[in-house]
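In: Kindly generate the corresponding structure for this input.
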Amino acid sequence: MYSVISVVRRSVLAVALVAAGIVAASGATAADRRVIVSKDADYAGSDYSTKKGVDLPGCQTACLADSQCKAFTFNVKAGWCFLKSDFGDLAAATGAVAGRVVTSAELTQSLEDRRINELSFLDRSQIDEARALVGDLKRRYGQAGAIYGAVRSAGGASYRGGQFDAAAASFGEALSLAGEDVGAWLDYAVASLGRNPDDYAAKQAAATDASSGAINAYIRAETASDRAEALSLLGGALAKREIWKASIGAYRASLAIRDVAAVRASYDKVVAEHGFRVLSHEVEADSAVPQICVKFSDTLPVERPELADFVTVEGGDGLAV
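Out: Predicted coordinates:
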């Protein structure tokens, strides 16, 4: 397992297994599976089994009990339940009920607010960028006839081949079909972080996609490992955007959840090069009132009277700070 910034990555390498139904995304177990239901709708194609003479709850139960089942369409009048091994976009179908299996918790307003509060090191603008990406997925990446498992697998293949633009586009396409998928958000962030277009504006847009993908993954993540991974990716994306203070905050938050050597090395490097530090100093020893002026990387809270407590000068009792 690997990533662009040497962070432990699970979902990129597991794409083929997820698509095949061998493992669940984001470490979910069968007990975590739930169904999102849409009335008067149908997921066309990918049928592999039909249950006859059942009601809607029975259809849902049959799908949840079968690891191969990713979606279903229930014909209300006939009482037929069509189990599906994959899914694409919803199509209108009067008298039918479509269901899709998801393996993440419902993103309630309270959960979203709590996660955003945990990202206090970010500016509001970065949260707004992440939300805008969610709203723009269909326009940017939606393709008629796209099938989730196929585009997710295509993204993994492109990533492993070093084709990061194509990988990001495929993972974006997967997200346009299943925007709650934490694993796909992590993969999108990794692929976007690997993009390196020649044009400066395009380069910045790719880094913004990476940070937005990581934020959306963190907001939706349930497990500690997924949250730590999302934060480490966020740290790398913000560093690429030269938003240093927020990058340090993201790395620090990731390490607080899970201390990974590669993440700590990235954190130490950013702190050493862009953290709070002395930039320069000037000594005026020949003036009537000798002084030393120290320039720091960040503005100090000069209204705080106890700043002198942070300065020590050998033999300097009585000096003013």
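In: Any regions of this structure where pLDDT drops low?
Out: For the chain, applying pLDDT under 70 flags the ranges 1-31, 277.
In: Helices along that one, start to end?
Out: 15-20, 56-64, 109-118, 124-141, 148-160, 164-177, 182-194, 200-220, 224-240, 244-257, 261-274 (DSSP state H).
In: Kindly compare burial across the ones you listed and name the winner.
Out: helix 182-194 (a mean of 29; mean count of other Cβ atoms under 10 Å). All C-beta spots, glycine's among them, are computed from the backbone N, C-alpha and C.
In: Can you show me the CA trace of that one as PDB?
Out: What follows is helix 182-194 as a C-alpha-only set of coordinates in PDB (Å, rounded to 0.1, in the frame of the first residue of the first chain):
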ATOM      1  CA  VAL A 182     -15.100   7.500   2.000                       C
ATOM      2  CA  GLY A 183     -12.700   5.200   0.100                       C
ATOM      3  CA  ALA A 184     -13.500   6.900  -3.200                       C
ATOM      4  CA  TRP A 185     -12.900  10.300  -1.600                       C
ATOM      5  CA  LEU A 186      -9.500   9.200  -0.300                       C
ATOM      6  CA  ASP A 187      -8.600   7.800  -3.700                       C
ATOM      7  CA  TYR A 188      -9.700  11.000  -5.400                       C
ATOM      8  CA  ALA A 189      -7.500  13.000  -3.000                       C
ATOM      9  CA  VAL A 190      -4.500  10.800  -3.600                       C
ATOM     10  CA  ALA A 191      -4.900  10.900  -7.400                       C
ATOM     11  CA  SER A 192      -5.400  14.700  -7.400                       C
ATOM     12  CA  LEU A 193      -2.400  15.200  -5.200                       C
ATOM     13  CA  GLY A 194      -0.400  13.300  -7.800                       C
END
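In: could you say what helices and strands it packs with?
Out: helix 148-160, helix 164-177, helix 200-220, helix 224-240 (3 or more Cβ pairs under 8 Å, 6 or more residues apart in numbering; DSSP states H and E).
In: if I pick Lys70, what's in contact with it?
Out: Gly21, Ser46, Lys84, Ser85, Asp86, Phe87, Arg100, Val101, Tyr148, Gly149 (Cβ atoms under 8 Å, 6 or more residues apart in numbering).
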